[in-house]
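J.: 3D, please:
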Amino acid sequence: MKKLNLNTALSVQLIGLCASLIISAVSCSVPERDHEFETASSKYRKDDIKPQLPNLKPDSSLSDYLTYAVLNNLGIEEAYYDWKSSIEEVTVAASLPQPKLSLEWMIQSGVNAFFVGLMQETPWSGKLDLRAEAYSAVARQKRFIFEQKILNTIADVKSLAHELQYITTRLDLSREILNLIKTKKKIILESIASGLPQAKNDNLIDIQIEEDHMLNEITNLEDSLNPLKENWRKALGLTQEQQNTPIPKIKSEEFSLKEDHDLIKEALVHNKQIKSIEQEIAQADAMLRLAYKENYPDATIWAKTDIRPNRPILNPEIGLTLPIWRDKIAAQISAASAMRDKTKSALIAEQINLAVIVAEKSFMWREQNRFTQLITTHHIPLTETKISNLTSLISVGKANIADLIDKQIELVNYKIDLAQFILGREISSIELTHTILGKWPQEIENIFTK
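T.: Sure thing, here's the model as predicted:
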């Protein structure tokens, strides 16, 4: 009975020894919970279930459309699960290999020995921490990619709403021009039929060319709605089996453009692409330090005991890897160092490129805004004044209706130009605000905010 107790005690000690070694090896490598992911997950995909989507109606607000797109866009969903997967990989990277349980018999005339063994591979101190650090950087990078996908989708929804609204406005104005051309054509035909000396067939040919051109433009505008609507469906994450949604009415947003150098400073701090590359550098730096750790051996701890009552034997064993292939280790260090230098170069290149994009987009906004102000404050009022004057002259027989129609067509063309410049200005401000400066829209709640 004492021998049994002795072997039992040895077995318990064996298990306790190995367990303590395992616990000590992993205690510093257990990753912390990702609170940012938990916050975003609770709003985006709680328990991996898609939240109830807003019911989109013609009078739905822009916030409903943005919420619908963020929750339903397939590119965002893909980036979310990619982020979630990378977070789980941190735990895998920080964990020891699975321990191995072995059973061994020594048989001669009978069972001479029956060993139970437990083996655990243990990397050199700090290796698991560095692996976890590298994978954590990847997880943070995937988080910024997920965020960028959301901001891109928000920008797409807003921009497409403006573009669809612009095409609708331009179609209405183009049809108005077509009606004016037809009226002018009718006047010319009546003049020719009446034998008026100023009426010429050349005028009729010119007006016919204008009419054909406008009919072709209207057809192209109507056709251009098809790809825009498909992009709209894509932004909202609608499949071909799902019905089209109405297009929201969207207003121009108030936008105060800062100086270029201030915008660049803000973009360098908040731009998601910059933040993503910074995490690539953090990953490369961790991998470089891990490569230097390859100069140190890893251990294998192995212990076995004969569990038969009459054989109180405990066989502990420790094995070490021999890092003798110096060229291999040097190559690993060199490769990791090159990767770090590459990502640093990529960061500088992206910062330079970002400064160029900010300068271009801010110039586009200023240019479109100047044209908008010019047409609004000068061209349209002056043309309306000319129309008013011509109307007065026609009433006393000092001008003809054809000249008045020409001025009315000119006024409508200015309105088309105005709609186009407003569209360009709005798209520039949307891209600057969301895709470049990384700002969350005021219309919907930030899923990263508690």
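J.: correct me, but Ala94 touches Glu133?
T.: No - applying Cβ atoms under 8 Å, one finds Ala94 not in contact with Glu133, separated by 9.0 Å. (Each C-beta comes from the backbone N, C-alpha and C, glycine too.)
J.: Gln120 - nearest residue in space that isn't next to it in sequence?
T.: Spatial nearest neighbour of Gln120, excluding adjacent residues (Cβ to Cβ, 6 or more residues apart in numbering): Pro99 at 4.6 Å.
J.: Tyr68 versus Lys50, what's the distance?
T.: 11 Å (Cβ to Cβ, to the nearest Å).
J.: Compare neighbour counts for those two and give me the winner.
T.: More crowded of Lys50 and Tyr68, by other Cβ atoms under 10 Å: Tyr68, with 22 against 11.
J.: helix/strand/coil for that one?
T.: Three-state assignment for Tyr68 (DSSP: H, G, I helix; E, B strand; the rest coil): helix.
J.: OK, contacts around it?
T.: Shown in contact with Tyr68 (Cβ atoms under 8 Å, 6 or more residues apart in numbering): 53-54, 56, 236, 245.
J.: Against Glu431, how distant is it?
T.: Distance from Tyr68 to Glu431, counting by Cβ to Cβ: 21 Å.
J.: what are the phi and psi values for Lys127?
T.: Backbone geometry at Lys127, expressed as degrees, to the nearest 10, gives phi -70, psi -40.
J.: Neighbours of the nearest residue in space to it that is not next to it in sequence, how many?
T.: Leaving aside its sequence neighbours, Lys127 sits nearest to Lys293 (Cβ to Cβ, 6+ apart; 5.1 Å). Residues contacting Lys293 under the criterion other Cβ under 10 Å number 20.
J.: my read: Lys293 touches Gly126, true?
T.: Yes - counting by Cβ under 8 Å, Lys293 does reach Gly126; the two are 6.1 Å apart.
J.: the strands in this protein, which residues?
T.: Along the chain, the segments classed as strands by DSSP state E run 100-107, 111-122, 299-306, 314-320.
J.: quick revisit: TSV for the contacts of Tyr68, including distance to Thr122 and pLDDT?
T.: Output for the contacts of Tyr68, formatted as TSV (distance: Cβ to Cβ, whole Å; pLDDT from 0 to 100):
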residue	distance to Thr122	pLDDT
Leu53	50	92
Pro54	53	91
Leu56	57	89
Leu236	51	92
Thr245	57	81
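J.: which one of those has the most neighbours?
T.: Leu236 (24 neighbours).
J.: Let me see the confidence value for Lys200.
T.: Looking at Lys200, its pLDDT is 64.
J.: Please save the CA atoms from stretch 408-416 in CSV.
T.: In CSV, the C-alpha atoms belonging to stretch 408-416 read as follows (Å, rounded to 0.1, in the frame of the first residue of the first chain):
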residue,chain,number,x,y,z
GLN,A,408,-33.4,80.9,-72.2
ILE,A,409,-31.4,78.0,-73.5
GLU,A,410,-28.2,79.8,-72.3
LEU,A,411,-29.8,80.1,-68.8
VAL,A,412,-30.7,76.4,-68.7
ASN,A,413,-27.1,75.5,-69.7
TYR,A,414,-25.8,77.6,-66.8
LYS,A,415,-28.1,75.7,-64.5
ILE,A,416,-26.6,72.4,-65.9
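J.: which outside residues touch that stretch?
T.: 170, 173-174, 176-177, 180-181, 375, 379-380, 383-384, 387.
J.: Select only the buried ones of these in ChimeraX?
T.: Buried subset of the contacts of stretch 408-416, written as a ChimeraX selection, criterion 16 or more other Cβ atoms under 10 Å:
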select :170,173,174,176,177,180,181,375,379,380,383,387
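J.: What are the buried residues along stretch 85-104?
T.: 86-87, 89-90, 93-96.
J.: shaky segments in the stretch 151-300 of the chain?
T.: 195-202 (pLDDT under 70).
J.: Of all residues in this structure, which one is nearest the centre?
T.: Centroid-nearest residue in the chain, with Cα atoms, centre = their mean: Lys149, separated by 1.6 Å.
J.: contacting residues for it?
T.: 73, 75-76, 79.
J.: Same check on Ser252?
T.: Contacts of Ser252 (Cβ under 8 Å, 6+ apart): 422, 425-426.
J.: Can you add distance to Leu62 and give the strands of the chain back as a markdown table?
T.: Formatted as a markdown table, those follow (distance: least, Cβ to Cβ, whole Å):
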| stretch | distance to Leu62 |
| --- | --- |
| strand 100-107 | 59 |
| strand 111-122 | 56 |
| strand 299-306 | 60 |
| strand 314-320 | 64 |
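J.: Would you mind finding the most buried of these?
T.: Ranked by mean neighbour count, the strands of the chain are led by strand 299-306 with a mean of 20 (mean count of other Cβ atoms under 10 Å).
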